[in-house]
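fold the following for me, if possible:
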Amino acid sequence: MSDSQLAHWLATTDAKLTFIGGRPDLHPLARRAAQKTIVMYCTERSGDFCAGECTVYSGGAACVEAPNTECLAADKDVGWCTEIGCDGTCSALSSCGTFLAMGFCLTPNTNSIVVSTL
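Numbers count the residues shown, from 1 in each chain. Here you go, the predicted model:
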C-alpha cells in the first residue's frame, strides 16, 4: 500500500480505529521513516473492503498481537501468523492470495503479525 493509499484510507474509512505507536507520519522525510512500518489490520471483511475494528501499527520490528484479524495492509512486506506470538502457520503479505480494495489482503485466522525493519 502506498502512502497516498494509506492517507486516503485513513481519511475515508468508517472503521473504528485504534493507533499503536501514534498516528502515522506519512511524510517520507520524517525522522526515522525508513525504519518504521505501518500496518493496518481489521476484524471484519465487508465485500471487498476491510472493516469493523481496525488497528494501525506504526513502529519498528515487532511481533504484533492481532487476534481475530480478517484482513490487513502495510507499507512494507510483513508476515501474518495463525497463532499468538508469531507462531503457527505464517505467510507473507507479498504472497497474498486474495487482494481486497485499497491494497488490503484477506488474511483469515490471523492472530499475530511479524513486522521487520528489512
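
list the buried residues of the helix-or-strand element of the chain with minimal mean pLDDT.
Ranked by mean pLDDT, DSSP states H and E, the weakest helix or strand in the chain is helix 3-12, scoring a mean of 75. By neighbour count with 16 or more other C-beta atoms under 10 Å, helix 3-12 contains the buried residues 6, 9-10. To be clear about C-beta, it is placed using only N, CA and C from the backbone, and glycine gets the same treatment.

so which elements touch the next helix or strand after it?
Moving toward the C-terminus from helix 3-12, the next helix or strand (DSSP states H and E) is strand 16-20. Packing partners of strand 16-20 (3 or more C-beta pairs under 8 Å, 6 or more residues apart in numbering; DSSP states H and E): strand 49-59.

what lies in contact with the strand it packs on?
10, 13-25, 36-46, 64, 66, 70-73, 100-102, 104, 113, 115 (C-beta atoms under 8 Å, 6 or more residues apart in numbering).

now the buried members of those.
Buried among these by 16+ other C-beta under 10 Å: 10, 13, 15, 21, 24, 36-43, 45, 64, 66, 70-73, 100, 102, 104, 113, 115.

the contacts of strand 49-59 in helices, which ones?
residue 10 (DSSP state H).
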